[in-house]
Every structure is written in structure tokens, then in C-alpha cells.
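1. Output the structure for:
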Amino acid sequence: MEGVPAATHIKPSFMGKQPPSSQYIGKYHILNWQQLQPLPGGSIPPLLGIGCGEVNAMQKNRTSAPLLRGVRQGIALFLTALALWIVYLTADPAVALEKLKQLAQLDQLTAALVNLELPWDTQPSTPLWQQVILGQSSLLAGAAQATPAPVATEAPQPTATPQPEAEEQEETPEEPPAQTTTAPDGIIPSTLKATDSPVYATYDTVSIRNYTDYTLDVKALLEAAPKLTPAQEGPDILIYHSHATEAYTMDGTDMYEESDSYRTLNTEQNMVRVGTEMTKILEAAGLEVIHDTTLYDYPDYNDAYNRSSQAVKETLDKYPSIRLVIDVHRDALVANDGTIYKTVAGTVENCAQVMMVMGTDSLGQTHPNWRVNLSLATSIQKALTDKWSTLARPIALRTSRFNQHYSTGCLLVEIGSHGNTLQEAITAGRLFARTIADLFQKE
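-> So this is what the prediction gives:
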């Protein structure tokens, strides 16, 4: 017969009869076993949550109970005799007898002696009278042994989670501080303006320094100036640098390795950088710009215009939408005694001056539309001087054509001079580009 799990409390059924008298002790009923009827075959009903298999196991342990009981009784008798003998040797017999009578009447002594007679290890949580009753039944005694009192265990202490050792962080080598320098003393700042000399042709705020034999009517040139209109499709402006390696006086962190005096291949420090800053301004205004960053003056400076000329022609053939072609340079101002000058706008802080250089056919080169280009330059000059009176130096009209014969919208602009710093040149270049963008937008 399969046993019921020991942990289950079963209330037995007695087939319609009144159950035998019982007492409830903990999880178990203490029954009057004389009233129980064995099941067919003489087996004991599966009561108190103990299966028959467990009963059989407990029956095997019954043979050892009398031996343990005899040992305990012998120990008790020995201790009693020893106590009586010690009292007899050390005390008055009459007094000792009276004390023994009083001791026999103590409930604690009776309980202790009975406890020694119990057939198994007592459980402190069970009252003594219940232990006596359980001790009279091999079945119940076995149940008590089969269900040991829970052993008190220490609550598990939280185990500290080992923290991973901090990985040794590789020390990032500190970048060395940026090298700096200071522009040398002795560079003379100068704001260049037109004078009353006959070499200047002036109307309103526009002046032209004439290096040719042509007679100039500045008013007529202004009135005939072509309009700048954005292209419907394709790029509007071409920026390039015939002398791209031209550079400025080193200052602050603007330092470079020279490829020649005041020249460098570093495009962050030469004319390419200025052209890049101008391109940003124009593109921000919605104009499409081609910025040619080729170093046409390296390694051969003298043939730079021939190389850039071919590039300009090819670009204009490919993009006929281009309205304006700007060759961006810087000037060089040195007196006969070697004194270096730099241009300053005066009306703008930390800003160089700009100067447009326009070509002609004075040397016999083909350049039929040079006056149209000069007219365009006068309109740009007027817009510059209306905003910043001394930002622009007088226009320089020269005998060479400077690749301006390919279009009616070609010009060359000098941004500062070699005595200026790069930052002064960038400021001037941005203002020049802003003025060009405004002229396009007006149309």
C-alpha cells in the first residue's frame, strides 16, 4: 500500500463510526488505540501523515529501544545511589532523610527523572506529558523520530560580491601644448587711401590707381557695371589661387613650415585657407561655389599664371553658368630699406585691407572686355566703401591681363599683405565675400 507523504496532515475517516477518543498534539492526533480496528490483512491505517513504509522502518528500530532504556535507567540508579552515599558521609542522617523526602516531592525532580526514561531524545518544544504519551507508542515514537524538529541554522549572511579590480587605465599621453609665436616687432600698420595724385581717378567713394596710359571715367564705369545674377542651374562663382602658397606673418598658433619666404604648402595657412573662408560665406548666402585649391605656383612660381589660366578655361567651358571668377592673392609691401608694412582696415578691428587688381590689353595681349571687368570692380568697390569706408584700397589697373580675358566677370583680389596675420586676412576675406553675396541677392 502506497504511503501518504509524511508532511501531510490527514483527518482519518472511520467509515461512518464515531472516531476514537483523541487528543491533538501539534500536527498529530493521539488516539485511543484500543478502539482502532485493523484493516484487512492486519495492516495499520495510514494515519498521522505516516505511510506504511515508514511504519515498517520504525518497527525495525524497536529492538534497540529496550537496550537504550536499560542504559538510561542504570545511569539514573547509579547517580541516585551516589547522591545518597555522599549525603550519608557529609550530613546528619535524620536531616538527610528529611531533605530527601522534600526533594522527592519536587515536580522538577520528577520531571527530570521521567525525562531520562523517555525512549528518544526529547524535543524542548514538546510538553513533557505529551512526550510521555508518545513514548508509549512505537508508531508515534517513530513518527516523532521521522519528523525531527527543524534545526536552527544561521541566517545566510549576504555574500559580498567581489568587485572587479579596476582595470588599469592606459594613460593617454597628453598632447603637447600647441606651439605659439608672436608677430615680430617692426611691422608698420598702414591704411592705404587714394591721394590727390594724378595717378588716381576718383568718383564718389571709388578710386582707381591707374598704372596704364588709358584715361578713365570712373562715373561712367560705375553706371555701366554689369549686374550679378545667380544662375538658374549650376555653379555661380569660381574661386582659385594662381599663387596659392602665399602666406602671412606667423602669429599665435598660426605657424607653418616655409616652402619659401612667406610661402607654405600648408593649405590651412596659405591662400587656400582664405579662399575656404570666403567660400563658406558665399555658400551660406545660397550661392554655389567651386573652390579650386590647386597649388599652381609650386614647384615653379614663374609659370603659375599659365597653369592656372588653363584650369580657368576648362572650368568655364564645363560650367558656363559661372558669373564671377575670383583669383585670391595677398600683397607684399616692403620699403626700400626693408621695412615691412601691413594694411589695416581701420574701421574694422583685426582686419586687413583688400585691393582688386584689374588687367588690360596694354601689353598687346588679347583682352577685349577689360572695361566690362573694370566696371564690375567699381560696383564692388562702391559696395565695400559704403559699408566700411577704408576696408578697400583703391583699385589697381595694370598692364597685364591676369587670366581675366576668359569672361566678363573676372577679377583678382589681394587680401592683406605678407605683413598681416592670417586672422586679419580671414576677417577681410569674409567681409569681401559678404559684399559679393549681397550684390548677387540684390539682383
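2. All the strands of the protein, in order from the start?
-> Using DSSP state E, the strands of the chain run over 22-25, 28-31, 188-190, 200-203, 206-210, 237-240, 258-260, 263-264, 289-291, 324-331, 341-343, 354-358, 395-397, 410-417.
3. Would you mark the buried spots in the fourth one?
-> So that's strand 200-203. Residues 200-201, 203 are the ones in strand 200-203 that count as buried (16 or more other CB atoms under 10 Å). For the C-beta atoms, the positions are set from N, CA and C on the backbone; glycine is no exception.
4. Now distance to Thr245 too, for these, in a markdown table please.
-> As requested, those are exported to a markdown table (distance: CB to CB, whole Å):
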| residue | distance to Thr245 |
| --- | --- |
| Tyr200 | 32 |
| Ala201 | 33 |
| Tyr203 | 37 |
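5. which among these gets closest to Thr267?
-> Within the buried residues of strand 200-203, proximity to Thr267 (CB to CB) peaks at Tyr200, which comes in at 36.0 Å.
6. Isn't the closest one up against Asn210?
-> Yes: Tyr200 is within contact range of Asn210, at 7.3 Å (criterion: CB atoms under 8 Å).
7. Run through the chain and note the low-pLDDT ranges.
-> Across the chain, the ranges flagged by pLDDT under 70 are 1-69, 71, 76, 83, 86-173, 442-443.
8. who touches stretch 205-213?
-> Applying CB atoms under 8 Å, 6 or more residues apart in numbering, the contact partners of stretch 205-213 are 193-194, 199-202, 216, 218, 222, 360, 362, 374, 378, 381-382, 385-386, 389, 394-399.
9. picking up where we left off before, tell me which of the strands of the chain lies nearest to Thr181.
-> Nearest of the strands of the chain to Thr181, taken as CB to CB: strand 258-260 at 12.9 Å.
10. by contact count, what packs against the closest one?
-> Strand 258-260 sits against no helix or strand, with contacts defined as 3 or more CB pairs under 8 Å, 6 or more residues apart in numbering; DSSP states H and E.
11. hmm, who's touching it?
-> 245, 247, 264-265, 298, 301.
12. again, only this time at 7 Å
-> Strand 258-260 is contacted from outside by 245, 264-265, 298, using CB atoms under 7 Å, 6 or more residues apart in numbering.
13. Could you do stretch 227-236 as well?
-> With contact meaning CB under 7 Å, 6+ apart, stretch 227-236 is reached by 287-290, 319, 321-324, 439-440, 443.
14. got a list of contacts for stretch 318-326?
-> With contacts defined as CB under 7 Å, 6+ apart, stretch 318-326 is touched by 228-229, 231, 233-239, 290, 312, 316, 407, 409-411, 413.
15. Just the buried residues out of these, in ChimeraX syntax.
-> Entered in ChimeraX, the line below selects the buried ones among the contacts of stretch 318-326, by 16+ other CB under 10 Å:
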select :228,231,235,236,237,238,239,290,312,316,407,409,410,411,413
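16. so who does the residue lying closest to Lys193 once chain neighbours are set aside touch?
-> Nearest residue to Lys193, sequence neighbours excluded (CB to CB, 6 or more residues apart in numbering): Thr390, at 6.6 Å. Counting by CB under 7 Å, 6+ apart, Thr390 touches 191, 193, 345-347.
17. Check Met356 too.
-> Neighbouring residues of Met356 by CB under 7 Å, 6+ apart: 377, 380-381, 395, 411-413.
18. ok, now with 8 Å
-> Counting by CB under 8 Å, 6+ apart, the residues that Met356 touches are 377, 380-381, 392, 395-396, 411-414.
19. Leu412 too?
-> Applying CB under 8 Å, 6+ apart, one finds that Leu412 lies in contact with 326-327, 329, 356-359, 402, 404.
20. Let's have the residues you listed in JSON lines, adding distance to Met255.
-> Below are the contacts of Leu412 laid out as JSON lines (distance: CB to CB, whole Å):
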{"residue": "Ile326", "distance to Met255": "27"}
{"residue": "Asp327", "distance to Met255": "26"}
{"residue": "His329", "distance to Met255": "21"}
{"residue": "Met356", "distance to Met255": "30"}
{"residue": "Val357", "distance to Met255": "29"}
{"residue": "Met358", "distance to Met255": "34"}
{"residue": "Gly359", "distance to Met255": "34"}
{"residue": "Phe402", "distance to Met255": "31"}
{"residue": "Gln404", "distance to Met255": "34"}
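21. number of nearby residues for the residue nearest to Gly286 when sequence neighbours are not counted?
-> Leaving aside its chain neighbours, Gly286 sits nearest to Pro230 (7.5 Å; criterion: CB to CB, 6+ apart). Other residues near Pro230 come to 15 when the count uses other CB atoms under 10 Å.
22. now do Glu283
-> By other CB under 10 Å, 16 other residues sit near Glu283.
23. Tell me who's in contact with the closest residue to it other than its chain neighbours.
-> Nearest residue to Glu283 in three dimensions, chain neighbours excluded: Val289, at 5.6 Å (CB to CB, 6+ apart). Val289 sits next to 235-239, 279, 282-283 when contact means CB under 8 Å, 6+ apart.
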